[in-house]
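> Turn this into a model:
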Amino acid sequence: MATPQSQRGLGYRALADAPFRIVPEVSEPTTIHLIHGEESFLVQEQGTKILAGWRQGLVSDFGLDILDPAAGADHLRDAVMQAPFLDPHRVVVVRSVPPRRADSLAPALDFVADSTRLLITVAGPVRASSQLVKAVKRAGGQVSEHGRLKPRQLADWIRERTRAYGLPALAAASLVKGAIPDLGVIDSELQKLAAYRAGGHELDPASIAELLVAGREGDIFNLTDGIVPVPGADSMRTLDSLLGSESPTAISFRLARHLALVLEVATRQRRGESLAQVQGELSQHPFVVQKAYEAARRTEPERLEAGLEALLDYEWKVKSGQIDAEWGLRVALTRL
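Numbers count the residues shown, from 1 in each chain. From the prediction side, this is the model:
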C-alpha cells in the first residue's frame, strides 16, 4: 500500500516508471497554488487567472472539480487523488476558505496526484507557520500572499490599472484623490469608464466626475457617522453634498445597505467577536468592515433596526407618490 508521501506519484509518473519507458527529465510548472491575504480582490484575480490557464487544457467537464469552502480534508483528499477520465489532468479548486479552517485542509496535500492541479484561495491572511502553508511547500507548491496596499502602493496600482484600460491619467488622478481602498470597486469604476469611452464618448473632466462614484462611498461613511448614534448637523451637510451628484433614492439604498452591515457587525460584537474575526468572516473589504465596526460601538442594535425600518418606510412612500423624494429623505434622517 502506498504511503501518503508516495501518493504524490500516482499520476502519470507511475506510468513513466513502467519497464521499457524512457521519460526525459523536464521542468514542470507549479501545479499546486495557495493564495491568501487581506486584499481579497487580488487574491481572487490571481486565482481566476491561474484557473483560466489550467482550464484551457481540459476537454470535458469531468476534469474540473470545484469544492465548497466548507469541504473537509477527507473530501479534498478524495478529490485530489482521483485520476483524470477524459482529460489530460484534473483541476481541483477550493475558493474562499475561512482562515480559521485553512489548517484543517493540510493533511490532504500529502495525497495530491501528479495528474491533479490544485488551487486553494483563503478569504484572509494565514501565518507563515500555518500547517497549510507548510503542506503546500512540502508538496512543491507555490504560496502567494496579497497584503493590504499602503496609500502609495494603492496609488501606483490605480495608475497602472488605468493605463491597462487605456484611460487618461485624469481618471487615475480622480480615483487616487477620492476612492476608498477597495480594489474591486475601483476596478469596476475603471471598467465603466472604459465602456463609456468605447461607446464613442469623450472622457473629459466633467464626464469622469459624473461617472465615478467610488470616491463618494466615503460620504456614506461620513453620513453614517453623522447619524450614529444620533443625527447631527454634519449629517445634513454630507447629505447636501451627496444630493449634488446622486438621486435621493440611490442615497437611501446605499445608506440602508451600510446600516444593515453595521447591524450585522454589532450583532457579532455582542457575541464577543474581535475586529479581525469579523473581517475574516464577512465578504466586504476590511476597510469597510472596520468603519462599520467603529460605528457599531457607538449605538445599539435596536436603533439600527429602527433606522432600517424608517428607510424602508421612506422608500415605500416615495414609490407610492406620497412624499417628495428629497424632502422625505431629510425627514427620514431625523428619525434614524
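> mind listing what residue 101 touches?
69, 70 (Cβ atoms under 8 Å, 6 or more residues apart in numbering). For the C-beta atoms, the positions are set from N, CA and C on the backbone; glycine is no exception.
> before we move on, what SS does residue 129 have?
With DSSP: H, G, I helix; E, B strand; the rest coil as the basis, residue 129 sits in coil.
> What distance do you get for the closest residue in space to residue 30 that isn't next to it in sequence to residue 165?
Among residues not flanking residue 30 along the chain, residue 142 sits closest, at 4.6 Å (Cβ to Cβ, 6 or more residues apart in numbering). Going from residue 142 to residue 165 by Cβ to Cβ, to the nearest Å gives 28 Å.
> Could you list the low-pLDDT ranges of the stretch 1-150 of the chain?
Where the stretch 1-150 of the chain drops to pLDDT under 70, the residues are 1-28.
> which residues in it form helices?
12-16, 40-55, 73-81, 131-138 (DSSP state H, counting those that start in this stretch).
> all helices for the stretch 201-336 of the chain, in order.
Using DSSP H, counting those that start in this stretch, helices in the stretch 201-336 of the chain cover 205-211, 217-227, 233-243, 248-270, 275-281, 286-296, 301-319, 325-335.
> Tell me which other helices or strands the longest one touches.
Other helices and strands packing on helix 248-270, by 3 or more Cβ pairs under 8 Å, 6 or more residues apart in numbering; DSSP states H and E, are helix 217-227, helix 233-243, helix 275-281, helix 286-296, helix 301-319, helix 325-335.
> Spell out for me which residue occupies the centre of the protein.
For the chain, the residue lying nearest the average C-alpha position, counting by Cα atoms, centre = their mean, turns out to be residue 40 (4.0 Å).
> The closest residue to that residue other than its chain neighbours and residue 271: what is the separation?
Excluding its sequence neighbours, the residue lying closest to residue 40 (Cβ to Cβ, 6+ apart) is residue 123, at 6.5 Å. To residue 271, residue 123 is 19 Å away according to Cβ to Cβ.
> So between these two, which is more surrounded?
A direct count of neighbours by other Cβ atoms under 10 Å for residue 123 and residue 271 places residue 123 higher, at 23 against 8.
> so what's the more buried one up against?
40, 43, 69, 96, 97, 98, 99, 280, 283.
> care to break this structure down by domain?
5-145, 151-211, 216-335 (automatic domain parsing).
> First-to-last residue distance for the second one?
Think domain 151-211. 23 Å (Cα to Cα, to the nearest Å).
> what about residue 195, neighbour count?
12.
> quick one: the helix or strand containing it to helix 286-296, angle?
Residue 195 is part of helix 183-198, with elements assigned from DSSP states H and E. Using axes from the mean of the first three to the mean of the last three Cα atoms, to 10 degrees, the inter-axis angle of helix 183-198 relative to helix 286-296 is 120 degrees.
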